[in-house]
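**Q** I would like to see how this sequence folds:
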Amino acid sequence: MAQRILLIIVTLLLTVAGFFFLVAAVAAGLVVAAVVLVRLWWLKRKLGDAATRHVITTEYTVVERESPPVDRLPLENELPRHPEREHPPSATPDAKSPQ
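**A** Got it, this is the predicted structure:
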């Protein structure tokens, strides 16, 4: 008789402990599932926002202007033009020069 009562008590204790273990496991699973769902929602939201924005607009203030360019040689299109140098005089012999 005592063994039967002891067996019933152990069975009840194991049943109660199993129930609490099951409740804890389900709660932990729900927390993990909620975290995963929130993370997926956040990523989807960020990707959707990035896809709809094509241009980033903002306001800014110029704090310091750039310094002027360093002295350099002029580019070809910046050189002064000398029309007399473009067409040199023809090399015809002078009438007074001896031949």
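**Q** need phi/psi at Pro80.
**A** Recorded main-chain torsions at Pro80 are phi -70, psi 150, according to degrees, to the nearest 10.
**Q** next: Leu79.
**A** phi -70, psi 150.
**Q** on the three-state scheme, Pro74 is what?
**A** Recorded secondary structure, Pro74: coil (DSSP: H, G, I helix; E, B strand; the rest coil).
**Q** so what's the residue count around it?
**A** Residues within reach of Pro74, counting by other C-beta atoms under 10 Å, total 8. For every residue, glycine as well, the C-beta is placed using N, CA and C.
**Q** likewise Val62?
**A** 6.
**Q** now do Ala34
**A** Other residues close to Ala34 by other C-beta under 10 Å number 10.
**Q** what's the answer for the one 10 residues further on, then?
**A** When neighbours are defined as other C-beta under 10 Å, Lys44 has 10 of them.
**Q** pLDDT score for it?
**A** Each residue has a pLDDT score; the one for Lys44 is 89.
**Q** element containing it?
**A** According to DSSP states H and E, Lys44 maps onto helix 2-52.
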